[in-house]
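**Student:** Kindly return the folded structure for what I paste below:
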Amino acid sequence: MATLKDVAQRAGVSLTTASIVANGRGEEKHISPATIERVATVIEALGYHPNQNAQQLRAKNARQPVIAFYWPLDYRANMLGIRLVNLHSVLLEQELNYEIVVQTYFNNQLERFLPPLQDGRYTGAIIAGASDQDMVQLESTKITVPVILINLESRKYSTVGVSHAQMGAQAAALLHKKGYQECAVVKSMERYGGTARRTKAFLYSCKQLGITVRPEWTFSAPATILGGVQATEEFCALTERPGVIFYETDCMAQGGLYTLQRRRIAVPGDIELLSIGVQEPETMQYLTPSISCVTVPPNVDKQAMSIMIRILQEHPEEPLHLELEPLIQLRESFTLPSPL
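**Tutor:** The predicted structure follows:
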């Protein structure tokens with residue numbers, strides 16, 4: 001059966017345009033007659049029919065569902081745009097006219113921004129980036145609408161994400177497989193919940209695998225590109241340096257690569273870099289050299305919205321939980337020997 005996505009691809013238009021034309025709102029939205037005709041022709045050719053379940057759901061709900069996307073105001077703000085695109089794409093594919101509202105908040109102050117989930121202003125919420133203190137506040141607050149947590153752990157609320165411990169352990173295993181016995185670590189001054197747990201698991205796994213991380217080889221800075229620059233400058237000042245650096249976040253690895261290149265330290269010739277990846281993969285892929293990462297899957301946002309839709313439609317009695325596999329993306333900054 002043809003889908004709206006099929007129609008959009010065949011007609012050479014966006015999902016949004018295809019949806020508007022399919023629902024007879026092309027002229028209202030000032031879409032050109034030629035585009036309306038092209039989309040209509042494709043709809044007829046493919047035998048496309050609008051999603052009946054979605055139409056019935058819209059008919060049952062006089063009030064348009066409003067999903068709040070909670071996102072922290074810190075260095076992660078630059079990742080918000082692609083997150084919204086991912087969330088919205090799920091609604092377009094399923095032809096659901098939900099409204100997405102961005103609810104920003106400050107770490108350790110999430111409680112101040114929870115009243116809309118208590119008084120019915122939002123139909124549900126997808127929350128990302130919460131700190132440990134935020135989670136304590138959230139777990140103790142009575143909320144009656146569905147809540148999906150991204151890369152956070154909870155028995156009270158539904159969750160989608162990766163195992164932080166698994167990501168840290170995988171990074172350490174890669175160093176061990178390459179034969180490294182020493183490693184430098186660049187981490188954030190701010191101890192964000194998931195980020196801190198990944199690094200803790202990495203350091204624990206290094207100890208178990210016999211990889212030494214001396215205190216003087218551990219550097220802390222703001223979790224930004226500039227922070228990566230500053231921390232790596234400190235690394236470069238060492239007289240005795242290990243042959244690999246592990247970065248807690250990919251934005252800090254970007255700054256680190258800049259510093260090493262300015263210092264004429266070859267990557268990967270003189271030193272190798274491995275990072276945890278939380279941004280879109282292309283952020284690290286198209287650097288020179290490209291940076292190897294153990295990455296949070298880029299579809300985590302889409303999975304969260306899909307679970308939200310399922311909860312609103314099916315009303316399950318228990319929270320839903322989905323654990324995704326981290327992605328190991330080896331590029332130029334860190335490689336493994338080719339098998340013989």
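**Student:** where along the stretch 201-340 of the chain do the helices fall?
**Tutor:** Assigned by DSSP state H, counting those that start in this stretch, the helices in the stretch 201-340 of the chain fall at 225-236, 250-262, 282-285, 300-314.
**Student:** got the buried residues for the last one?
**Tutor:** Okay, so that is helix 300-314. Judged by neighbour count (16 or more other CB atoms under 10 Å), helix 300-314 contains these buried residues: 300, 301, 302, 303, 304, 305, 306, 307, 308, 309, 311, 312. Yep, even glycine has a C-beta here, placed from its N, CA and C like the rest.
**Student:** that older thread, closest one to residue 71 among the helices of the stretch 201-340 of the chain?
**Tutor:** helix 300-314 (10.6 Å; CB to CB).
**Student:** what's that closest one packed up against?
**Tutor:** helix 80-93, strand 124-128, strand 147-150, strand 158-162, strand 321-324 (3 or more CB pairs under 8 Å, 6 or more residues apart in numbering; DSSP states H and E).
**Student:** what sits up against that helix?
**Tutor:** Helix 300-314 has contacts (CB atoms under 8 Å, 6 or more residues apart in numbering) with 53, 57, 65, 67, 83, 86-87, 89-91, 94, 96, 98, 123-124, 126, 146, 148, 150-151, 158, 160-162, 316, 320, 322, 324.
**Student:** ok, 7 Å please
**Tutor:** 57, 65, 67, 83, 86-87, 89-91, 94, 96, 124, 126, 146, 148, 150-151, 158, 160-161, 320, 322, 324 (CB atoms under 7 Å, 6 or more residues apart in numbering).
**Student:** Low-confidence regions, the chain specifically.
**Tutor:** Confidence mapping of the chain against pLDDT under 70 gives the ranges 1, 50-63, 191, 339-340.
**Student:** For it, just list every one of the strands.
**Tutor:** Remark: strands assigned in the chain by DSSP state E are 66-72, 99-105, 124-128, 147-150, 158-162, 184-188, 218-221, 244-247, 272-277, 292-295, 321-324, 327-329.
**Student:** what pairs with the shortest one, and is each one parallel or antiparallel?
**Tutor:** This points to strand 327-329. Strand 327-329 pairs in its sheet with strand 292-295 (antiparallel), by DSSP bridges.
**Student:** Show me what the partner strand is in contact with.
**Tutor:** Counting by CB under 7 Å, 6+ apart, 167, 170-171, 250, 273-277, 281, 284, 326-331, 333-334 sit against strand 292-295.
**Student:** which among those residues end up buried?
**Tutor:** Buried among the contacts of strand 292-295 by 16+ other CB under 10 Å: 167, 170-171, 250, 273-277, 281, 284, 326-329, 331, 333-334.
**Student:** thinking again about what came up before, select only the buried ones of the contacts of helix 300-314 in ChimeraX?
**Tutor:** Command for ChimeraX, covering only those of these found buried under the criterion 16+ other CB under 10 Å:
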select :57,65,67,83,86,87,89,90,91,94,96,124,126,146,148,150,151,158,160,161,320
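**Student:** coming back round to it: can you tell which of the strands of the chain is closest to residue 175?
**Tutor:** Across the strands of the chain (criterion: CB to CB), the nearest stretch is strand 244-247, sitting at 6.1 Å.
**Student:** and that closest one, what other elements does it pack with?
**Tutor:** Contacting strand 244-247 under the criterion 3 or more CB pairs under 7 Å, 6 or more residues apart in numbering; DSSP states H and E are the following elements: strand 184-188, helix 250-262, strand 272-277.
**Student:** And these: which comes nearest residue 11?
**Tutor:** strand 272-277 (34.6 Å).
**Student:** neighbours around residue 213, how many?
**Tutor:** Residues near residue 213, counting by other CB atoms under 10 Å, number 18.
**Student:** quick one, what contacts it?
**Tutor:** Residue 213 touches 183, 185, 203, 206, counting by CB under 7 Å, 6+ apart.
**Student:** what about 10 Å?
**Tutor:** Counting by CB atoms under 10 Å, 6 or more residues apart in numbering, residue 213 touches 172, 182, 183, 184, 185, 202, 203, 206, 207, 242, 246.
**Student:** Adding distance to residue 229 and neighbour count, write these out as JSON lines.
**Tutor:** What follows is the contacts of residue 213, written out as JSON lines (distance: CB to CB, whole Å; neighbours: other CB atoms under 10 Å):
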{"residue": "172", "distance to residue 229": "25", "neighbour count": "25"}
{"residue": "182", "distance to residue 229": "23", "neighbour count": "16"}
{"residue": "183", "distance to residue 229": "20", "neighbour count": "25"}
{"residue": "184", "distance to residue 229": "15", "neighbour count": "25"}
{"residue": "185", "distance to residue 229": "16", "neighbour count": "22"}
{"residue": "202", "distance to residue 229": "22", "neighbour count": "30"}
{"residue": "203", "distance to residue 229": "23", "neighbour count": "19"}
{"residue": "206", "distance to residue 229": "24", "neighbour count": "25"}
{"residue": "207", "distance to residue 229": "28", "neighbour count": "12"}
{"residue": "242", "distance to residue 229": "19", "neighbour count": "22"}
{"residue": "246", "distance to residue 229": "17", "neighbour count": "32"}
